[in-house]
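**Q** need coordinates for the following:
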Amino acid sequence: MAHIIIEKASDDLRATRSTTLYVLAACLVIFAFNWKYFYNMATGPYSLGRVDLSNPGAVQYVEADAPFLKVGSKNLALGKDGAVDTGAELGSYLVCPVGTRMLLVYVDSDFEGDHVSGRLTDIPDDFKEQAAETPALYPVMLDGYVNYALSPNLFLLVAMVAFVVSLILLVGQLIRGPNPEKHPYIRRLAKSGISPMTVVRGIEADMAADTTFWDDDPIFCSERWIVFLHNGLKIYPRSEFIGYGVEAKEGAEHLEVYIRGNASADTILLGRSRLKSSLAVLKERLPHKFIEDVKAYNKLWNAKNPPAPSAANGA
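**A** Numbering: from 1, shown residues only. Have a look, this model is predicted:
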């Protein structure tokens, strides 16, 4: 018990680093599934003369410099009373000669010029019937409607952002290491004007002196501090602890605590048994701070001038 807060803080920092590594690993898996995109960004765009359009393999990013002939368009479908009519033109279907055959090209309806770059894709459903009747047409289409660099799927886009953010976080985490002084709730203790680790040692001394507190208890409540020890260390000065209540979220009940200066409640994730024991401690030590209707209190909450817990208790 001598260093329970320090141990919990170090555990939290290691867990955070592990989570960051898991996110990075997941991003790398997504990148592996989308290796063709990165390959083509590095090596493309390919001129059509360098590509076997009957079997392009890993090649996706191509460009065409040729005269184009418009052969169709894609229109917005408008439906009314069961009838379907065509609306504004969304894009144009063109063809261009490549060798002895023709390549279908899709571009914006306002396209003008003789250069198109984009992704090689399958022939779209709305043009397959015409394609089947045209044996001279290659079995793929050059989609120049969207820039290839901006064409990855949503999962890949999210993974790209997550990878960069996680990499930056990991560098910071590795620099800090599992140093408990870097834990966000321990750093906040510096507001008191005393060394945070001095404050921590004082709280741990209070824990050791409290005969009702055990190492596996999810909460410690003293005259000056309220400390949550399960599923993430959280340390609150008792003077800033405004109230607490229970709210159901995602099919489970969680403890909501309100701290002066915080924009909203902090959610304390506890299992059923730990929630029950934590509430028992809080109701014994701070019965007047219990909030019966958390949803009603959320509407009243003001970080700078917090309302009394009784404001949502019908009192």
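**Q** domains in the chain, by residue range?
**A** 35-150, 210-312 (automatic domain parsing).
**Q** surely Y244 is in a helix?
**A** No: Y244 sits outside any helix when classified using DSSP: H, G, I helix; E, B strand; the rest coil, being strand.
**Q** these two touch, right, it and P287?
**A** No: with contact defined as C-beta atoms under 8 Å, Y244 does not reach P287; the gap is 10.7 Å. All C-beta spots, glycine's among them, are computed from the backbone N, C-alpha and C.
**Q** looking at those two, which is more packed in?
**A** Y244 (24 against 8; other C-beta atoms under 10 Å).
**Q** run through the residues that contact that one.
**A** By C-beta atoms under 8 Å, 6 or more residues apart in numbering, the contact set of Y244 is 255-258, 282, 286, 289-291.
**Q** how about the helices in the chain?
**A** 4-33, 35-43, 125-132, 154-176, 184-187, 196-209, 272-285, 294-300 (DSSP state H).
**Q** related to what we said a few turns ago, between the domains of the chain, which one is nearest to P184?
**A** Taking C-beta to C-beta, domain 210-312 is the member of these nearest to P184, at 9.1 Å.
**Q** distance from that closest one to the middle of the chain?
**A** 27 Å (C-alpha atoms, centre = their mean, to the nearest Å).
**Q** and stretch 172-186, by the same measure?
**A** 22 Å.
**Q** again, but for stretch 93-105
**A** That offset, for stretch 93-105, works out to 42 Å (C-alpha atoms, centre = their mean).
**Q** what about that stretch, how long is it end to end?
**A** 6 Å (C-alpha to C-alpha, to the nearest Å).
**Q** grab the nearest non-local neighbour of R17.
**A** Once flanking residues are discounted, R17 sits nearest to Q173: 4.6 Å by C-beta to C-beta, 6 or more residues apart in numbering.
**Q** give me the pLDDT for that neighbour.
**A** pLDDT recorded at Q173 is 88.
**Q** OK, contacts around it?
**A** Shown in contact with Q173 (C-beta under 8 Å, 6+ apart): 13, 16-17, 20.
**Q** hmm, which of the residues you listed are the buried ones?
**A** For these, a neighbour count by 16 or more other C-beta atoms under 10 Å gives the buried set as 13, 16-17, 20.
**Q** pLDDT and distance to V62 added to the residues you listed, as JSON lines?
**A** Converted to JSON lines, the buried ones among the contacts of Q173 look like this (pLDDT from 0 to 100; distance: C-beta to C-beta, whole Å):
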{"residue": "L13", "pLDDT": "91", "distance to V62": "48"}
{"residue": "T16", "pLDDT": "92", "distance to V62": "44"}
{"residue": "R17", "pLDDT": "93", "distance to V62": "42"}
{"residue": "T20", "pLDDT": "95", "distance to V62": "38"}
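**Q** between these, which sits nearest E204?
**A** Taking C-beta to C-beta as the measure, E204 lies nearest L13 of those, at 17.7 Å.
**Q** any idea how far V95 is from that closest one?
**A** Counting by C-beta to C-beta, to the nearest Å, the gap from L13 to V95 is 60 Å.
**Q** please give me every residue in contact with A26.
**A** Contacts here follow C-beta under 8 Å, 6+ apart; on that basis A26 touches 159, 162.
**Q** now the domains of the chain in JSON lines, with distance to A26 and mean pLDDT?
**A** As requested, the domains of the chain are exported to JSON lines (distance: least, C-beta to C-beta, whole Å; pLDDT from 0 to 100):
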{"stretch": "domain 35-150", "distance to A26": "16", "mean pLDDT": "85"}
{"stretch": "domain 210-312", "distance to A26": "22", "mean pLDDT": "90"}
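**Q** of all these, which one comes closest to H3?
**A** Evaluated over the domains of the chain, closeness to H3 peaks at domain 210-312, with 11.0 Å, by C-beta to C-beta.
**Q** still on that earlier bit, nearest to L69, of the helices of the chain?
**A** Closest to L69 of those is helix 125-132 (C-beta to C-beta; 13.7 Å).
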